[in-house]
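> one predicted model, sequence on top.
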Amino acid sequence: MTTAAQRPAATGALTPDLVERLLGRAAAGGAAAVPIVAPATGELIAELPQSSVADIEAAFDRARAAQRQWARVPVRQRAAVLRRFHDLVLAEQDTILDIVQTETGKSRAHAFDEVGDVAVNSRYYAATAPKLLAHRNPRGVLPVLTDVQVRQRPKGVVAVISPWNYPLALAVSDALPALVAGNAVVGRPDNQTALTALWAVDAAVRAGLPADLWQIVLGRGSVIGGEVIDRADYVDYTGSSATGRTIGRQAGERLIGCSLELGGKNPLLVLSDADPVAAAKTAVRASFASAGQLCESMERIYVHEQVYDRFVGEFVPAVKALKLGSPLDYSTDMGSLTFRRQLDTVRAHVDDALSKGATVLAGGAHRPELGPYFYEPTVLTDVTAEMTVYREETFGPVVSVYKVGSDDEAVTQANDTPYGLNASVWSRSTSRGREFAARINAGSVNVNEGFIAAWGSADAPSGGVGISGTGRRHGPEGLLKYVDTQTIAVQRMLPIAPLPGMSEAMWAKTMTLYFRVMKTLRQK
């Protein structure tokens, strides 16, 4: 295992002046500040102010006032803000990459995935919002006489509760469609990565977004989460399945909608006709992006016995060759875990597996000489059902490899989980790959890719089934969830009722004939 020569000694663009400016955009200060530390180095990043109930109330009040004005702005003008925001993110990517790396400890290559995600979603929703939000004129109950218009009305103030692992992508790419749909947003990022979200708000305002429209409140979810949900008109949450259940209950009690993207125990299937070399190469990134702290990443690999030896022979050396570190450049392959609790979980899963007979093919060690929370990318085999790592989400740089005797067995094993977020299928035949993909219980399945093909296709919905969540981000669904549909029907000339002098019986006969004629003409 090679390592980076040095840990980063500075936080690059994240200077004290920039920290101070970004904190000025938070609706916070009524509660005691908390220290935020860089995971890769242990150095203090900031004393982060926290939001009191009064701060949260004021944030929602400002957001609601701004939303009433914003909803009257033509959609194309709202979309133009997203286009300018897109350009700012790309132009200032060195700054936001420094911030993301400093707050999370991930490598720069994995941080850039977030820049790409935000750019793609900005461009997509700027281009599609005018059509998705346009008024429709469906056929009325009586053609010509009944004029119908369907409008999309913003819900109001959307709460975006985002996690720490992808702080730019998940705080921003869910907010963008809500904003372009005419809503305000109150974001509650994780304390650890709040500066990333605040930078995004600052950039959006510089791109022309009204200053009060996107608010950021700060605090632990267990402290302020309920206060945010109690004031929101819709909730978008990304995080654990356990917390998702709680948020779902809270939203249900208020009869407001929610979208929940939750955990995953994602499988990668290498079928009997797959190219094991290509599969192994992609499996490395699919398993260890952001040190495995990615809901979409692979934690289980099922390999047909015919290609097992070749796959493992390519995969394991590639994992061992990964370069660890988190300097503010592209010189390393994988960064640090973000929290002590993540490190503790990873160590517990690996130690439990080893104590029950699992074998380490690569990694398996904490690397404190690199930084507090560095852990080697780890490949396990001989994993059995009584081991914790077999079913529970690790959310770290650990993947288990299983040899299977048939492709059908691989599908059965892949589906043996309550999770259903993402999956990957490898086959030399794309039609066969699609066939097996359709048999997997997951919201997204990538054929001959890990997760980026489905996730990065912004025109396609993304989300989970089972305990991996409900609702969708991306695609038309990712915007239309933030609006309420209103039907306005205007009746002209004649009422939908018997004409003067016509009996109810004659009215029924006339309408019966009309219904039959419409069916014959195949009219809706």
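Received it, and whenever you're ready, just let me know what you need. As the structure is a prediction and not an experimental result, all values here were calculated from the model.

> now do the SS call for Ala489.
Here Ala489 is recorded as strand under DSSP: H, G, I helix; E, B strand; the rest coil.

> with adjacent residues omitted, what lies nearest to it?
Val148 (4.9 Å; C-beta to C-beta, 6 or more residues apart in numbering). Any C-beta I mention is one placed from the backbone N, CA and C, and that applies to glycine too.

> phi, psi for Ile467 please.
Main-chain torsions, Ile467, degrees, to the nearest 10: phi -80, psi 10.

> quick check: it vs Glu47, distance?
37 Å (C-beta to C-beta, to the nearest Å).

> between those two, tell me which one has more neighbours.
Remark: of Ile467 and Glu47, Ile467 carries more neighbours, 22 against 12, as counted by other C-beta atoms under 10 Å.

> mind naming the longest helix for this structure?
In the chain, taking DSSP state H as the definition, the longest helix is helix 108-132.

> check which helices and strands that helix sits against.
Where contact means 3 or more C-beta pairs under 8 Å, 6 or more residues apart in numbering; DSSP states H and E, helix 108-132 is packed against helix 75-91, helix 93-104, helix 167-172, helix 175-180, helix 475-480.

> would you mind putting the CA coordinates of whatever helix or strand comes next after it into CSV?
Next in sequence after helix 108-132, counting helices and strands by DSSP states H and E, comes strand 146-154. Presented in CSV, the C-alpha positions along strand 146-154 are these (Å, rounded to 0.1, in the frame of the first residue of the first chain):
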residue,chain,number,x,y,z
THR,A,146,-65.3,22.5,-21.1
ASP,A,147,-62.0,24.3,-21.1
VAL,A,148,-59.4,22.8,-18.7
GLN,A,149,-56.0,24.1,-17.7
VAL,A,150,-53.6,22.3,-15.4
ARG,A,151,-51.0,24.4,-13.5
GLN,A,152,-48.1,23.5,-11.3
ARG,A,153,-47.9,25.5,-8.1
PRO,A,154,-44.9,25.5,-5.8
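
> would JSON lines of the helices and strands packed on helix 108-132 with mean pLDDT and distance to Thr332 be doable?
JSON lines is the format used below for these (pLDDT from 0 to 100; distance: least, C-beta to C-beta, whole Å):
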{"stretch": "helix 75-91", "mean pLDDT": "98", "distance to Thr332": "23"}
{"stretch": "helix 93-104", "mean pLDDT": "98", "distance to Thr332": "10"}
{"stretch": "helix 167-172", "mean pLDDT": "97", "distance to Thr332": "19"}
{"stretch": "helix 175-180", "mean pLDDT": "98", "distance to Thr332": "30"}
{"stretch": "helix 475-480", "mean pLDDT": "98", "distance to Thr332": "33"}
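
> make JSON lines out of these and add distance to Ala26.
Shown next, in JSON lines, are those (distance: least, C-beta to C-beta, whole Å):
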{"stretch": "helix 75-91", "distance to Ala26": "19"}
{"stretch": "helix 93-104", "distance to Ala26": "14"}
{"stretch": "helix 167-172", "distance to Ala26": "13"}
{"stretch": "helix 175-180", "distance to Ala26": "15"}
{"stretch": "helix 475-480", "distance to Ala26": "26"}
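
> adding mean neighbour count and distance to Arg62, write those helices out as JSON lines.
JSON lines is the format used below for the helices and strands packed on helix 108-132 (neighbours: other C-beta atoms under 10 Å; distance: least, C-beta to C-beta, whole Å):
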{"stretch": "helix 75-91", "mean neighbour count": "18", "distance to Arg62": "18"}
{"stretch": "helix 93-104", "mean neighbour count": "25", "distance to Arg62": "25"}
{"stretch": "helix 167-172", "mean neighbour count": "28", "distance to Arg62": "19"}
{"stretch": "helix 175-180", "mean neighbour count": "27", "distance to Arg62": "15"}
{"stretch": "helix 475-480", "mean neighbour count": "20", "distance to Arg62": "24"}
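
> those helices: which one's closest to Ala410?
Ala410 lies closest, by C-beta to C-beta, to one member of the helices and strands packed on helix 108-132: helix 475-480, at 28.4 Å.

> check which helices and strands that closest one is in contact with.
Contacts defined by 3+ C-beta pairs under 8 Å, 6+ apart place helix 475-480 against helix 108-132, helix 175-180.

> out of these, deepest packed?
Neighbour counts (mean count of other C-beta atoms under 10 Å) averaged over each of these peak at helix 175-180, with a mean of 27.

> what does that helix contact?
By C-beta atoms under 8 Å, 6 or more residues apart in numbering, the residues outside helix 175-180 that reach it are 70, 75, 78-79, 81-82, 85, 118, 121-122, 125-126, 129, 158, 160, 185, 187, 200, 204, 209, 213-214, 234, 236, 478-479, 482.

> change it to 6 Å
The contact list for helix 175-180 (C-beta atoms under 6 Å, 6 or more residues apart in numbering) reads 78-79, 82, 121-122, 125, 129, 158, 160, 185, 478-479, 482.

> do the same with stretch 343-363
316, 319-320, 337, 364, 373, 375-383, 387-389, 394, 396, 398.

> roughly how far apart are the residue nearest to Ala489 and Lys131?
Distance from Val148 to Lys131, by C-beta to C-beta: 19 Å.

> how about the spatially most central residue of the chain: what's its closest non-neighbour residue?
Centroid-nearest residue in the chain: Leu170, 5.1 Å away (criterion: C-alpha atoms, centre = their mean). Distances taken as C-beta to C-beta, 6+ apart place Ser162 nearest to Leu170, at 4.4 Å, with adjacent residues excluded.

> ok, now Leu90?
Ala119 (5.9 Å).

> and that neighbour, what does it touch?
Counted by C-beta under 6 Å, 6+ apart, Ala119 has contacts 86, 89-90.

> just give me the closest of these to Ser222.
Val89 (31.2 Å).

> returning to what we had before: quick one: closest of the helices and strands packed on helix 475-480 to Lys519.
Lys519 lies closest to helix 108-132 among those, at 31.2 Å (C-beta to C-beta).
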